[in-house]
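[1] Show me how the following folds:
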Amino acid sequence: MASVYQPDGRCTHMMPPTLAATLYQRYQYMRQHHATKLEKLKAGTYAEELHKLACRYNDGTVASLQKERYVVEARHQRCMPTPLKTTIQQIVGCTKERFSSPLTVHAGTSEYWTVHQQDQAFGARCDAYKVRWTGASMACPDFTEEQANKAVMWALQSAMHTDVPTLTMLLLPTHSKDSSATGYMKWVRQHPEYCKHLATLPRSAVKLQIPPNTRIPPADTLKWNTQLIAIGNHAGYEEYLPYWKATSEGMAWRYKFREAIQTALEEGTEPDDAPVRVALNDEHGRWWSMPPSQTENTVTTIAGSFKRRPADNKHEPRSQSVEQLMSCNTQVAGALPRAIRAASNALGAALPAAPTLRYDWTEFIYTDGSVVSDKDVYPGIGAGVYIPGNPRLGREEQAIAIDCLQKGSPGYPAAVNTINRAELAAIDLALKTALEDTVAEPEIHIATDSLTSIYQVRRANTRPQDIKEHRHLNIITSIADAIGSHTGVVHLWKVRSHIGIVGNEIADETAVAVSRGVADKKEISHYSTPSNNRSDMYWIYEEVEVEPDSSPATAPVQAEPQHVFTPLPNLAEALKARTHKLRKLGSSQQDTVYFKAWKDARPTLDHKHSHMFMTSNTVKGRQRKLALQYRYGLLPTNKLLHRYKKAPTNDCPLCGLDDGGHHAVSGCRQL
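    Numbering: from 1, shown residues only. This is a model prediction of the structure:
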C-alpha cells in the first residue's frame, strides 16, 4: 500500500500504489500543460495535494455547488464496480466519467467530473452539469431519486441538441421492486429512439466501489436492482453501440455483451455465491428501429440553464488516460497494465527513498482483552497474547489464550471481571513471557489497544500512592514490578484497534474465543492473580435483597429473601450513584408545605396514569405543552411574566385577582 505521512511522521492515509501512480501522472500533466490553473488553485506539491485529496473523501462528503439554480451533491462517492467499468470501456469505448472522483476514476478514463474545485489539481473538471455531454461517457450519479432523474434528463437533452456522436451509459437504481415505477423511467419510455434500457443487474452482484482510503466498508450493496441504461443520439449508437440491431450478427453480439457483464459482476462475488444472472431488456434489438416519439420537445430544461451550457468537447483536455500519459500503444493488447506498471516505476523514481523502519513489527508482542455482556456466556472474560515469529530474538510464533476469570463470593466477580482486568492480565502475562524468553535483549515492546492500562501502569511507577484503592491493584503492581526488575527498557505502545493491524487482530480473536468459551481448553493458560481483595482496608459494600428461588422443589418451604453484599466497584461514579439514591435531597429544605404535601401524597400517586398524557394519542401537542408548563410552574401567567418584567402587575387580566398557575387552571371565575 502507498502511505501518506504527515510531517510529524504519522501515517494518515493509505491507498493502492497503482492509484497513487495514476494520480501522480495526472498531477504532472496539469503541471506541464495547465500551470496557470494550478496557480489559481494555490496547489502545493504532489504529496500535499494527495493528502488534501484523501482528507476530502475520507469520511464521505456532502458537497453542494450553488451555481445559478442547480445543485450538485455527492454524499457517498459510490461508483460503478471497477470490473464493470472496465468492461463497459472495452465494449463502448467510453473515455469520460460524469460523476467521479480522483480516487475512483478508472485508469483508462481521459476526462472526468467531480464536485470539488481542488480536484482539478489531478485533471478533474468541476460539476458535470456545467457542460453538455458529448462523446461516449459513463455516469453513476448519487443514488437518490432526484439525482437520478436529473442525470437522465441532462443526458437526454444533450443527445437531442447535438449532432456530435453522443452516448451515455448510466447505472441507476430502481428505488422499488417495480422498476417501471421509478421516476426516470418515464423519460426512457417517452423517448425510445434516444433511451435504451439495456439490462437489469441484480442487487446482490452490484457492489458499488468507494474511495479506498475511507473508513466505511470497501463495497456497498444497494437495496434494489440497478438498471444499465444507454442514452444517446443516432450517430452515437452507430459509432459506439452499432451491433444492437435485429440481425443475426447483432444477436450474437448481445449474448457476448451479457456474458461480459456477468463475468465482470462475478469478480466481486464469493465462490459460494449463486451465479450472476443479467437480464437483457431487449435481446432481439426491436427498439433499435422504433419510430421517433411524438413528445420530443416535452423534456423540461433543468432550471432553464441547459441552453447556456457549452459542449464538453469545446474545452482543452486537462487529463488523458494512463496509456496516453505513458505513451503506450493503445492498439496493442495489455496496454493498460503496462502503462500502470510504467507509471508506478515513474512514481518510485520521483519520490525519495522510503526511510527504514525504526522497529520491526515482529519485535512487538500484541495483547488484547475481551468481555461479553451476555450473562449466559461462560466465562464471559478472556485475554489474548500474540507473539510473532522472530529468528533474531529466538521467538517462535504463538498465540496464547488466557482465562483470567476471577472467582469469588456472589456479586464480587462482577466487580472485578471487567475489560480492564482482561487488558491488564494480557499485558502482565506478555511481559513475563518476554522476560523469560528474551536473552540479553535490552528493549521489550508490548503493543496494546488499551490506553487506560498504559496510564495505570505509568501511575503505579510515578504516583503509587494514588492507586492504593484501585480494584486491579495487584495486577498493576505485578506489571510495575516486572518492569522494574528488567535491566533494559520496556515500551508499552498504544495501537488502534480493528483497523487491520495483524498482531492486534490475532490477539483480539484469541481473547474473544476465550471469553465466548469456544477456545480449546487444552491450550488455555489460566491467570489466577487476584485483582484486589482489599483485605487490609475497609471498603463500602452495597446490600442487595435477592428474591428466593421459586422452583417447585422449594415451594412448600417459605424461604426468606437473601441479603447479598456487593462491593462498590469504585469510590467515584459508583459511590455517587448509590449516594444519590439515598441522599438525593441533600440539604434541601424539607419543612415546607409543598414538601410535606408531596411526601404525604406520594404513596397514593399513580405514576402510570399521572404520566399517561405524555404518550396518549388523544392529547394534542398544545395540551401536552400546557400540562407540562403547569406542572413545572412555567405557565405564562401574569405572575410569571411580572417576575420576568414582561407584565406591569401580577394581577389576572380577567378578574383582577392574584394570577398564577392554580388561579389560571381552577381559580379564575371569568374562565
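[2] ok, residue 637 touching residue 661?
    Yes - assessed by C-beta atoms under 8 Å, residue 637 is found in contact with residue 661 at 6.4 Å. Heads up, the C-betas are built off the backbone N, CA and C, glycines and all.
[3] Which residue of those two possesses the greater neighbour count?
    The neighbour comparison of residue 637 against residue 661 (other C-beta atoms under 10 Å) goes to residue 637, with 25 against 18.
[4] which non-adjacent residue is nearest the more buried one?
    residue 659 (4.6 Å; C-beta to C-beta, 6 or more residues apart in numbering).
[5] Contact partners for that neighbour?
    637-639, 650-653 (C-beta atoms under 8 Å, 6 or more residues apart in numbering).
[6] Can you read off the pLDDT for it?
    Looking at residue 659, its pLDDT reads 91.
[7] wait, what's in contact with residue 480?
    Contacts here follow C-beta under 8 Å, 6+ apart; on that basis residue 480 touches 457, 460-461, 464.
[8] Please apply the same query to residue 321.
    95, 107-110, 330, 336, 339.
[9] rerun at 7 Å
    Residue 321 is in contact with 107-110, counting by C-beta atoms under 7 Å, 6 or more residues apart in numbering.
[10] shouldn't residue 170 be in contact with residue 229?
    Yes - taking contacts as C-beta atoms under 7 Å, residue 170 lies within contact range of residue 229: 4.8 Å.
[11] can you redo the contacts of residue 321 as JSON lines with secondary structure, distance to residue 443 and pLDDT?
    As requested, the contacts of residue 321 are exported to JSON lines (DSSP: H, G, I helix; E, B strand; the rest coil; distance: C-beta to C-beta, whole Å; pLDDT from 0 to 100):
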{"residue": "107", "secondary structure": "coil", "distance to residue 443": "44", "pLDDT": "86"}
{"residue": "108", "secondary structure": "coil", "distance to residue 443": "49", "pLDDT": "85"}
{"residue": "109", "secondary structure": "coil", "distance to residue 443": "49", "pLDDT": "88"}
{"residue": "110", "secondary structure": "coil", "distance to residue 443": "53", "pLDDT": "89"}
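[12] Return the closest of those with respect to residue 252.
    The closest of these to residue 252 turns out to be residue 108 (C-beta to C-beta; 25.8 Å).
[13] pLDDT at residue 8, what is it?
    pLDDT, residue 8: 66.
[14] cool, and residue 209?
    With respect to pLDDT, residue 209 scores 70.
[15] who's it bridged to?
    Assessed by DSSP bridges, residue 209 has beta-bridge partners residue 79, residue 219.
[16] from the contacts of residue 480, which two are the most distant?
    457 and 464 (11.0 Å).
[17] neighbour-wise, which of these two wins?
    More crowded of residue 457 and residue 464, by other C-beta under 10 Å: residue 457, with 25 against 13.
[18] show me what contacts the closest residue in space to residue 147 that isn't next to it in sequence?
    Closest residue to residue 147 apart from its sequence neighbours, by C-beta to C-beta, 6+ apart: residue 141 at 4.5 Å. With contact set as C-beta under 7 Å, 6+ apart, residue 141 has these partners: 99, 147-148, 151.
[19] Can I get stretch 421-432 in CSV, CA atoms only?
    In CSV, the C-alpha atoms belonging to stretch 421-432 read as follows (Å, rounded to 0.1, in the frame of the first residue of the first chain):
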residue,chain,number,x,y,z
ARG,A,421,-8.7,-6.8,34.2
ALA,A,422,-8.6,-8.6,30.9
GLU,A,423,-6.3,-6.0,29.3
LEU,A,424,-4.0,-5.8,32.3
ALA,A,425,-3.8,-9.6,32.6
ALA,A,426,-2.7,-9.9,28.9
ILE,A,427,0.0,-7.2,29.4
ASP,A,428,1.2,-8.9,32.6
LEU,A,429,1.5,-12.4,31.0
ALA,A,430,3.1,-10.9,27.8
LEU,A,431,5.7,-9.1,29.9
LYS,A,432,6.6,-12.1,32.0
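[20] gap between the residue nearest to residue 637 and residue 668?
    8 Å (C-beta to C-beta, to the nearest Å).
[21] and what of residue 487?
    Between residue 487 and residue 668 the distance is 87 Å, computed by C-beta to C-beta.
[22] cool, and residue 280?
    Noted for residue 280: a distance of 78 Å to residue 668, by C-beta to C-beta.
[23] Residue 193 should be in a helix, yeah?
    No - according to DSSP: H, G, I helix; E, B strand; the rest coil, residue 193 belongs to no helix; its state is coil.
[24] Neighbours of it, how many?
    Using other C-beta under 10 Å, residue 193 has 18 neighbouring residues.
[25] ok, now residue 241?
    22.
[26] what about residue 318, which SS state?
    Counting by three-state DSSP, the backbone at residue 318 sits in coil.
[27] Quick one: the helices in the stretch 451-600 of the chain, in order.
    With DSSP state H, counting those that start in this stretch as the criterion, the stretch 451-600 of the chain has helices at 451-462, 473-485, 502-515, 573-583, 593-601.
[28] ok, now the stretch 51-200 of the chain?
    For the stretch 51-200 of the chain, applying DSSP H, counting those that start in this stretch gives helices covering 82-92, 145-160, 185-190.
[29] now for the ones you listed, which one comes closest to residue 420?
    Closest of the helices of the stretch 51-200 of the chain to residue 420 is helix 82-92, at 44.2 Å (criterion: C-beta to C-beta).
[30] contacting residues around the closest one?
    With C-beta under 7 Å, 6+ apart as the criterion, helix 82-92 contacts 94, 106, 108, 136, 138, 167, 169, 209, 240-241, 257, 260-261, 264-265, 267-268.
[31] Any of those buried? List them.
    The neighbour count (16 or more other C-beta atoms under 10 Å) marks 94, 106, 108, 136, 138, 167, 169, 209, 240-241, 257, 260-261, 264-265, 268 as buried among the contacts of helix 82-92.
[32] Just give me the closest of these to residue 628.
    residue 209 (50.4 Å).
[33] Show the contacting residues for that closest one.
    With contact set as C-beta under 7 Å, 6+ apart, residue 209 has these partners: 79, 81-82, 104, 219.
[34] Redo the residues you listed as a markdown table? Include pLDDT and neighbour count.
    Output for these, formatted as a markdown table (pLDDT from 0 to 100; neighbours: other C-beta atoms under 10 Å):
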| residue | pLDDT | neighbour count |
| --- | --- | --- |
| 79 | 74 | 23 |
| 81 | 80 | 21 |
| 82 | 83 | 15 |
| 104 | 86 | 24 |
| 219 | 53 | 13 |
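[35] Generate CSV for those, with distance to residue 452 as supplementary columns.
    Putting the contacts of residue 209 into CSV (distance: C-beta to C-beta, whole Å) gives the following:
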residue, distance to residue 452
79, 41
81, 42
82, 42
104, 39
219, 35
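[36] Find the pair from those residues with maximum spatial separation.
    Farthest pair in the contacts of residue 209, by C-beta to C-beta: 104 and 219, 12.0 Å.
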